[in-house]
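Undergrad: Build me a model:
(one chain, ligands or ions: 2)
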Amino acid sequence: MAGASACHSPDPCTDDGEHAVPDAGTTGIPVVDLDALVNGAAEQRAQAVRDVGRACQDWGFFMHDMEGGQPRGAGGSQRSVYGGVRGAVQLTGGGEGGVPGGRADGARARRLRLLRGRRRRPVLAGLLQDVRAIAHPELHCPATPAKLREVATEYAATTRRLLLSLSTAVSEAMRLESCFQILVANRYPPYTAGPGLGLPEHSDHGFLTLLFQNGVDGLQVHHGGRWLLATPLPGAFFVIAGDQLEIVSNGRYKGVLHRAVVGGERARMSMVSMISPCLDTVVKPVPELAADG
Ligand SMILES: O=C(O)CCC(=O)C(=O)O
Ligand SMILES: [Fe+2]
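TA: Residues are numbered from 1 along each chain as shown. Ligands and ions are numbered 1, 2, ... in the order given. Reported below is the predicted structural model:
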């Protein structure tokens, strides 16, 4: 696979300031009890909404406290999704933005742009293999491996419920029931030539993103002018504020910059589920916040 040869070439990620991957400090990343949001009594829910608001405002990034309880099925969904997506990533040949299905004609190129979002730098060959699939309103899923459709259907539904609860908490005013959802599976092959940039810094174009990983760290979040390594609580989802949340909140919440670094003997995988309003929605600040200027 391309990743192996990339490991032996001069390291483009550490050669110059432009591509350098500085050491990340650790943590302080906010933890929010999302169970209170979904199942809590009025006062617990109100506190969780305040916590989400503060985390969005201060960080644009937080994690979901699994101790507080996770939505039923999410754990099983996380475990089974590794198996499902690993096969899909390998079968699609590990191309960056490897959405299966045909040549990059105009429509497909537009779809790829939508799925990839806004990136500041190109992805370096071999450091990332990914599969992106529209998950809602209709699941567009590769036909192989056979288990993938089953896994993706369950995973999309589980994460969509959580994303909608979060979206409601972040902005009760925004109607997101008819949403648009994208699933992404990223695989970063082993890379022993030093630290490298698997996925350059970017913000996610949607409203909210849920991300979990296979126990190999590498996600970094930009906070307070520094890159911090995002090490999750065991089994936790990371929650990432996207560009549309920044627009809706009139800049009060930021679409946070994040990136993925690679380096080490174990392949890293991350599973991303991103939600947006349906595609014909005009995304603009909610009036109450627009009035603030
Ligand atoms: O692999 C990661 O941790 C980051 C993935 C990501 O940010 C994305 O797919 O948008
Ligand atoms: Fe991202």
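
Undergrad: Can you report how many residues lie near Pro285?
TA: Residues lying near Pro285 (other Cβ atoms under 10 Å) number 16. Bear in mind the C-beta positions are built from the backbone N, C-alpha and C, glycine included.

Undergrad: Tell me the spacing between it and Arg252.
TA: Pro285 sits 9 Å away from Arg252, going by Cβ to Cβ, to the nearest Å.

Undergrad: those helices in the stretch 101-250 of the chain, which residues are they?
TA: 106-116, 147-170, 243-248 (DSSP state H, counting those that start in this stretch).

Undergrad: Out of the ones you listed, flag the one nearest Met271.
TA: helix 147-170 (7.4 Å; Cβ to Cβ).

Undergrad: what helices or strands is the closest one leaning on?
TA: When contacts are defined as 3 or more Cβ pairs under 8 Å, 6 or more residues apart in numbering; DSSP states H and E, helix 147-170 sits against helix 34-39, helix 42-58, helix 74-91, strand 129-136, strand 179-188, strand 208-213, strand 268-277.

Undergrad: and these as CSV, adding mean pLDDT and distance to ligand 1?
TA: What follows is those, written out as CSV (pLDDT from 0 to 100; distance: least, Cβ to the nearest ligand atom, whole Å):
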stretch, mean pLDDT, distance to ligand 1
helix 34-39, 78, 20
helix 42-58, 81, 17
helix 74-91, 54, 12
strand 129-136, 80, 7
strand 179-188, 88, 4
strand 208-213, 91, 6
strand 268-277, 90, 3
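
Undergrad: any chance of these in CSV, with distance to Phe238 too?
TA: Formatted as CSV, the helices and strands packed on helix 147-170 follow (distance: least, Cβ to Cβ, whole Å):
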stretch, distance to Phe238
helix 34-39, 12
helix 42-58, 11
helix 74-91, 13
strand 129-136, 17
strand 179-188, 13
strand 208-213, 5
strand 268-277, 9
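
Undergrad: need the ones you listed in CSV with mean neighbour count, can you?
TA: As requested, these are exported to CSV (neighbours: other Cβ atoms under 10 Å):
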stretch, mean neighbour count
helix 34-39, 20
helix 42-58, 16
helix 74-91, 18
strand 129-136, 23
strand 179-188, 23
strand 208-213, 24
strand 268-277, 24
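
Undergrad: Tyr188 and Glu265 touch, don't they?
TA: No. The pair Tyr188 / Glu265 is not scored as a contact, 12.0 Å apart, by Cβ atoms under 8 Å.

Undergrad: Out of the helices and strands packed on helix 147-170, which gets nearest to Gly224?
TA: Gly224 lies closest to helix 42-58 among the helices and strands packed on helix 147-170, at 9.4 Å (Cβ to Cβ).

Undergrad: what angle do the closest one and helix 147-170 make?
TA: 100 degrees (axes from the mean of the first three to the mean of the last three Cα atoms, to 10 degrees).

Undergrad: Next secondary structure after helix 42-58?
TA: Where DSSP states H and E defines the elements, the next helix or strand beyond helix 42-58 is strand 61-64.

Undergrad: List the buried residues for that next one?
TA: Residues of strand 61-64 classed as buried: Phe61, Phe62, Met63, His64 (neighbour count, 16 or more other Cβ atoms under 10 Å).

Undergrad: Name the helix or strand for Arg259, please.
TA: Going by DSSP H and E, Arg259 is in strand 258-264.

Undergrad: And that strand, what does it pack against?
TA: Checking 3+ Cβ pairs under 8 Å, 6+ apart, strand 258-264 ends up next to strand 179-188, strand 191-203, strand 219-223, strand 268-277.

Undergrad: got those strands as TSV, with distance to Ile247 columns?
TA: TSV is the format used below for the helices and strands packed on strand 258-264 (distance: least, Cβ to Cβ, whole Å):
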stretch	distance to Ile247
strand 179-188	15
strand 191-203	11
strand 219-223	19
strand 268-277	11
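
Undergrad: closest to Thr27 out of these?
TA: With Cβ to Cβ as the yardstick, what comes closest out of the helices and strands packed on strand 258-264 is strand 219-223 (9.9 Å).

Undergrad: Contact residues of the chain facing ligand 1?
TA: Val184, Asn186, Leu199, Asp204, Leu211, Gln213, Gly218, Leu219, His258, Ala260, Ser270, Val272 (Cβ under 6 Å from any ligand atom).

Undergrad: farthest pair in those?
TA: Once Cβ to Cβ is applied, the residues of the chain next to ligand 1 give Asp204 and Gly218 as the farthest pair, at 16.4 Å.
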